[in-house]
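Trainee: The following block contains a protein sequence and its predicted model.
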Amino acid sequence: MAQAVAVTVQPESLRHSLDTEKINSVVNGKPIISLDVLIVGGGYGGVYALHRFRKLGFKVKAVEAGSFFGGTWHWNRYPGARVDSESPLYSLSIPEVYQSWTWSVRFPDHREIRRYFRHVDDVLGLSRDTYFDTIVVKARWDGDMWTVETLAGPTFRCKYFVSASGSSYKRYTPKFNNITAYKGLLVHSASFPDALDVRGKRVAVVGNGSTGVQIVQDLAKEDCQVTSFIRTPAITFPLKQRKLTIEEQEDQKNFYDHLFKVAKTTPAGFPYNLPLTQSIWDVSEERREALFEYLWSRGGFVFHLSNFRDLVTDEKANALVYDFWRRKVRERIKDPVKADIVAPQKQAVFFGTKRSALEQDYFEMIDRPNVQLVNLKETPILQFHEKGIETTKGLHEFDIVILATGFDALTGSLLDMGLSDRHGIPLSQIWKEGVLTHLGLMIPGLPNFFMSYSPQAPTSLSNGPPIIEYQIDWIVQAITKMQVEGINAVEGTMKAARQWREDLQAANEKTLLPRTNSWWMGANIPGKVREQLIYIQGLDQYIRECDEALKTWGGFELHKG
Ligand code: NA7
């Protein structure tokens, strides 16, 4: 069910696109379209890349698996789906787009973000250069060009191939025993049907990451019975949601250019006050508590990002932060059994070592009588059953089971594209022992293939738009530089990729991050190499390294003529 992406080709839209194309040839009944640049993905990265390349006069098209732009927001329509970056920071920095757009709330929901993508298209007219419902299944470099095959659309030949395929595209469904026996509705959170009525239903939510928290918080308010299956309780921060007025945003727009620029000079793509340079041990207990209270009152990721410098490097400092968090959270939960599951006295996971969730009234909602919590550490799932889920304590019957079990993040979408290097070796083989990229931007052996929102870049540890825009701008500059310098093809060297990987893992080892099983570490997918998949040294440092490499082509092999 959920693993497969539904492919509904809309023949009319495809025909419309093809009519306006110069089709160079037809092979095996498939049109072949020649381009300068092909982009995969129609989320923030794909949209921004298409805009940039088009403006520079490149012959460029984008392909997108969904039926419209939006990327992750096209797929994620589950109850409560909401972005964790506050407005206006989750926006493109393109003036003609932001000048005519206002957000309604500090943290917009999935519907509003899809409306935003409609707006982006209304302003920039990108859909006329995009093939929707089109999935890349094979891509190979033939010494001069990429040949990119799609499942139901044309084949493309392009000199430059840019992936903006997203970090959370490939859904993960754990192999629960007997899962196919279940006769009720089984959905992954990323394939939640638009018009599913949960009223009067018994609903299970498996998973307690940021998705599980948002779903339970939302469904608890409905006339339904919710059972939340929790293996590791989520660490959460207050959302502090509020409405935004048009007036305040119009005022702020005078500063947007600076705001977006400053975001790119910070470690996490948020122009928050910078993290404290102090150690947690440098201040008195009173001062520490006062500071924690202040940061907590801000909402969003401020509590984490502006905290003491040793938050994720010192186990004892980490425990002090957890202690504060547990007290803040438990004072909002009346039921002591539920409190022990979501905010246990004994720290279940190091604070800040896996993706935290933002919540508005989650802890009040789980206290409601229509919400049950199941601690999977104490009562694991044995198997699915035609009527529901059987744990070691017996059978729970459900009409709907929602799997909020996450994604084969960061690498899943790339590995599914059928990419191979110039010798025909598949990417899965190249990455068998671990991911190898140069700067998280290129893969050795894959000339002129560029990535954004990629593994081994700040990606999921950064607010999305700043890192995405930076990487796309870098790719645009690299291609422009190639043209000026008469370079036909460029690729990251294997030596540089090995060094990049080594430096990244060495930085990781100095923190508590490797001691937690997270999808950042690839640890959520059985059989996946356990390694840090994200560049953890900060967006600002990443930008310095990538800028420097571009100046000298450091770590790249250049092919001329
Ligand atoms: P996450 O963060 O990967 O969370 C998945 C959750 O599912 C997490 O609580 C897991 O528990 C749980 N899980 C996974 N496998 C199982 C099994 N077999 N049994 C029980 N529970 C399981 O995915 P999200 O969708 O919440 O978030 C993904 C990102 O999307 C998010 O960070 C945003 O960037 C957008 P575990 O923690 O592994 O014990």
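Mentor: Okay, I see it. Because the structure is a prediction, the values reported are computed rather than measured. Numbering: from 1, shown residues only.
Trainee: Around the ligand, pick out the residues from the stretch 301-450 of the chain.
Mentor: Within the stretch 301-450 of the chain, the positions lying close to the ligand (C-beta under 6 Å from any ligand atom) are 355, 376, 404-407. (C-beta placed from N, C-alpha, C; glycine too.)
Trainee: Redo those residues as CSV? Include pLDDT and secondary structure.
Mentor: Shown next, in CSV, are those (pLDDT from 0 to 100; DSSP: H, G, I helix; E, B strand; the rest coil):
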residue, pLDDT, secondary structure
Arg355, 96, coil
Leu376, 98, coil
Ala404, 98, coil
Thr405, 98, coil
Gly406, 98, coil
Phe407, 98, strand
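Trainee: and the closest residue to the ligand within the stretch 301-450 of the chain, how far is that from Pro526?
Mentor: As assessed by C-beta to the nearest ligand atom, the ligand sits closest to Gly406 within the stretch 301-450 of the chain, at 2.4 Å. Gly406 sits 13 Å away from Pro526, going by C-beta to C-beta, to the nearest Å.
Trainee: the more surrounded of these two?
Mentor: Higher neighbour count among Gly406 and Pro526: Gly406, with 25 against 8, using other C-beta atoms under 10 Å.
Trainee: tally of neighbours for the nearest residue to that one once chain neighbours are set aside?
Mentor: In space, and not counting its chain neighbours, Gly406 is closest to Tyr172: 5.0 Å by C-beta to C-beta, 6 or more residues apart in numbering. Counted by other C-beta under 10 Å, the residues lying close to Tyr172 total 22.
Trainee: Tyr172 contacts Gly527, correct?
Mentor: No - Tyr172 lies out of contact with Gly527 (C-beta atoms under 8 Å); the separation is 11.9 Å.
Trainee: Beyond the longest strand seen in the chain, next helix or strand please.
Mentor: Counting by DSSP state E, the longest strand found in the chain is strand 30-40. Sequence order places helix 44-55 as the next helix or strand after strand 30-40, per DSSP states H and E.
Trainee: For the helix ranked longest in the chain, buried residues please.
Mentor: As assigned by DSSP state H, the longest helix anywhere in the chain is helix 464-484. Buried residues in helix 464-484, defined by neighbour count with 16 or more other C-beta atoms under 10 Å: 464-476, 478-479, 482.
Trainee: tell me the average confidence for the next helix or strand after it?
Mentor: Downstream of helix 464-484, the first helix or strand assigned by DSSP H and E is strand 487-492. The average pLDDT for strand 487-492 rounds to 98.
Trainee: All further residue positions should be reported with the first residue as 43.
Mentor: That works, and once the first residue is 43, the last one we named lands at strand 529-534.
Trainee: Pull the residues that contact strand 529-534.
Mentor: The contact list for strand 529-534 (C-beta atoms under 8 Å, 6 or more residues apart in numbering) reads 186, 479-481, 483-491, 520, 523-524, 595, 597-603.
Trainee: Any of these buried? List them.
Mentor: 479-481, 483-491, 520, 524, 597-599.
Trainee: Neighbours of Gln256, how many?
Mentor: 28.
Trainee: Now do the SS call for it.
Mentor: helix (DSSP: H, G, I helix; E, B strand; the rest coil).
Trainee: which residues touch it?
Mentor: Contacts of Gln256 (C-beta under 8 Å, 6+ apart): 120-124, 399, 401.
Trainee: Now intersect those residues with the strands, please.
Mentor: 399, 401.
Trainee: Pick the one among the contacts of Gln256 closest to Thr253.
Mentor: Tyr120 (6.8 Å; C-beta to C-beta).
Trainee: Pretty sure the closest one sits against Leu445.
Mentor: No - if you go by C-beta under 8 Å, Tyr120 and Leu445 don't touch, sitting 10.4 Å apart.
Trainee: which residues of the stretch 293-442 of the chain fall in strands?
Mentor: 399-401, 413-417, 423-427, 430-433, 436-439, 442-445 (DSSP state E, counting those that start in this stretch).
Trainee: Tell me which of those sits most buried.
Mentor: strand 442-445 (a mean of 25; mean count of other C-beta atoms under 10 Å).
Trainee: Put the alpha carbons of that strand into PDB.
Mentor: Provided in PDB are the C-alpha atoms of strand 442-445 (Å, rounded to 0.1, in the frame of the first residue of the first chain):
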ATOM      1  CA  ILE A 442      -8.300   2.700  10.700                       C
ATOM      2  CA  VAL A 443      -4.600   2.100  11.300                       C
ATOM      3  CA  ILE A 444      -2.300   5.100  10.400                       C
ATOM      4  CA  LEU A 445       1.400   4.300  10.100                       C
END
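Trainee: Ala332: how many residues sit nearby?
Mentor: Ala332 has 12 nearby residues by other C-beta under 10 Å.
Trainee: For stretch 187-194, buried residues please.
Mentor: 187-192.
Trainee: ugh, wrong one, I meant stretch 250-263
Mentor: So, applying 16+ other C-beta under 10 Å, buried residues of stretch 250-263: 250-262.
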